[in-house]
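> Can you look at this prediction? I've put the sequence above it.
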Amino acid sequence: MRNDIREKLQAELNKKIEGEPQVVYILSRVRKMLEIDGKEKETKYNKLKFYCDWALHPAINNVGAVRDILDGIVARRAEVGADLTMKFETFHHEFKRFLKEYGISTIFYDSDENRFYLEMYLSQIYADTPLIIDRKIKVSWFGQAGERSFGGSFKVENLTKPSARDTSDLIKYNY
């Protein structure tokens, strides 16, 4: 099973990036491999697993792996009163380590254009999935294409009193 998943992942990673469904599929295969290999791998690649989870759920409050990043975004928003820009460096760092450890190659990093499209589709995927911090703050992603790079902004909102509907679909974890 693991080898079948690895082979399918390898095949997708060496195709031109053509849309959100392809990127979601890739993230789902990465997550599946991490889950098959157990808690040790999930812990080693906890930020990568977070990015995979973020792509596969309607809302998520499992922000522990990237809590430091989100806390910084929320704190800086209070300071500057505006949306903040972020690139996908954390994702790329762990994704590259994962690929190397698992002996998987990809064309994603062969050109700026490939990386641009990967980030564009990641941004479109994440725009549909708000992050809930302590059920008090909602952080939403807005992608922005630049001349040579892709980044995005976060919209930070306070949740005064989340209704059952707002929280019923959240991924719940204990910390």
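Received it, and whenever you're ready, just let me know what you need. Numbers count the residues shown, from 1 in each chain.
> who's in contact with Arg97?
By C-beta atoms under 8 Å, 6 or more residues apart in numbering, the residues touching Arg97 are Tyr45. Backbone N, C-alpha and C define where each C-beta goes, glycine included.
> Now do it against Ile17, distance only.
As judged by C-beta to C-beta, to the nearest Å, Arg97 and Ile17 stand 20 Å apart.
> Repeat that for Gly64.
From Gly64 across to Ile17, the span is 29 Å (C-beta to C-beta).
> Comparing the two, which residue is more hemmed in?
Ile17 (23 against 13; other C-beta atoms under 10 Å).
> neighbours of the residue lying closest to Ala127 once chain neighbours are set aside, just the number please.
Closest residue to Ala127 apart from its sequence neighbours, by C-beta to C-beta, 6 or more residues apart in numbering: Trp141 at 5.3 Å. When neighbours are defined as other C-beta under 10 Å, Trp141 has 21 of them.
> and if you look at Leu13?
For Leu13, the number of neighbouring residues by other C-beta under 10 Å comes to 19.
> I figured it hits Thr106, correct?
Yes - judged on C-beta atoms under 8 Å, Leu13 makes contact with Thr106 at a distance of 3.8 Å.
> Overlap in contacts, those two.
With C-beta under 8 Å, 6+ apart, Leu13 and Thr106 have common neighbours Leu99.
> how about low-confidence regions in this protein?
Within the chain, the ranges that satisfy pLDDT under 70 run 59-62, 73-87, 133-135, 143-154, 160-175.
> Could you pull out the strands in it for me?
Ranges of strands in the chain, per DSSP state E, are 84-86, 131-133, 137-145, 150-158.
> Pro58 versus the residue nearest the centre of the chain, what's the distance?
What sits nearest the mean C-alpha location of the chain, by C-alpha atoms, centre = their mean, is Tyr51, with 2.5 Å. Relative to Pro58, Tyr51 is positioned 16 Å away (criterion: C-beta to C-beta).
> quick one: the helices in the protein?
Assigned by DSSP state H, the chain shows helices spanning 2-13, 20-37, 39-44, 46-56, 67-80, 89-102, 112-126, 164-167.
> Which elements pack onto the third one?
This means helix 39-44. Packed against helix 39-44 by the contact rule (3 or more C-beta pairs under 8 Å, 6 or more residues apart in numbering; DSSP states H and E) you find helix 20-37.
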